[in-house]
Each structure stands twice: as C-alpha cells, then as structure tokens.
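1. Using only what follows, build the 3D model:
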Amino acid sequence: MIFKDVRDGRPYPDHGFSNRDWARIPPRQVRLVDLTATKRELRLDTLLDDDSTFYGDLFPHAVQWQDELYLEDGLHRALRAALQQRTVIHVRVLDLDELRGTAG
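-> I've put the predicted structure just below:
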C-alpha cells in the first residue's frame, strides 16, 4: 500500500493559502503510508513527465486536519517517489489543527 487511504475530495475546510503562503512553510519528511490522498484519479502523462513541477512547487502540499495528513497537491510526485521505491518524501505541511487551536 502506498498511501494510508485514498479519498475523493478534501474533508477539511478551505484554508485559502496561496502559492506564496505555501512557499513560507519549510518542507519536512513524511512517510508515504502516513498520507491520505485527496484525489482518486491521476493523469499518466503528468506522472511520466520529467518537467511536471516546472511551473509549480517542487514539494507536495499536505494539510494536517484532525490528526490526519491529507495530500492536497503533489500526487504525481508522491507516486513517482513510490515507483522509485522511496518510502519518504519532503512535503510542505499546513497544520490546520494548530491554526484552529490558536484562532479559537
């Protein structure tokens, strides 16, 4: 099993983070089996494209919500890592649990 689970959509509230906001979060290592994918489908041409991150962030984006890690962006990069038999990837993690705790 590559991911902890695969869902169709995001169970957490909209966070409103822009690409610039994400860039401020330092990447950290995350085990693939600890991530829940939020997309059920992928495009094979994107998976196989060496330049798929050319216009985007080099690191996948994950959201921590209710003690679960959801892969929001970077499914193709995560799967490429799994195909290379890597079990850990660097991911930018937005901790919504922490943000909600400090806001309320």
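
2. number of nearby residues for the closest residue to residue 12 other than its chain neighbours?
-> In space, and not counting its chain neighbours, residue 12 is closest to residue 65: 3.6 Å by CB to CB, 6 or more residues apart in numbering. Any C-beta I mention is one placed from the backbone N, CA and C, and that applies to glycine too. Neighbourhood size, residue 65 [other CB atoms under 10 Å]: 19.

3. hey, what's residue 65 bridged with?
-> In this entry, residue 65 is beta-bridged to residue 68, by DSSP bridges.

4. mind checking pLDDT for it?
-> Note on residue 65: pLDDT of 96.

5. I figured it hits residue 93, correct?
-> No. Checked against CB atoms under 8 Å, the pair residue 65 and residue 93 is beyond contact range at 10.7 Å.

6. shaky segments in this protein?
-> By pLDDT under 70, the low-scoring segments of the chain are 43-56, 102-104.

7. how about a cut-off of 90?
-> Low-confidence segments of the chain, defined by pLDDT under 90: 1, 19, 39-58, 75-77, 79-80, 99-104.

8. That one: helices as residue ranges?
-> Along the chain, counting by DSSP state H, helices occupy 19-23, 44-48, 75-83, 96-103.

9. contacting residues for the closest residue to residue 13 other than its chain neighbours?
-> Once flanking residues are discounted, residue 13 sits nearest to residue 96: 7.4 Å by CB to CB, 6+ apart. By CB atoms under 8 Å, 6 or more residues apart in numbering, the contact set of residue 96 is 12-13, 15, 63-65.

10. Highest neighbour count among those residues?
-> For these, the largest number of neighbours (other CB under 10 Å) sits with residue 63, at 24 neighbours.

11. I'd like to know how far that one sits from residue 80.
-> As judged by CB to CB, to the nearest Å, residue 63 and residue 80 stand 21 Å apart.

12. again, but for residue 16
-> Using CB to CB, we find residue 16 at a distance of 28 Å from residue 80.
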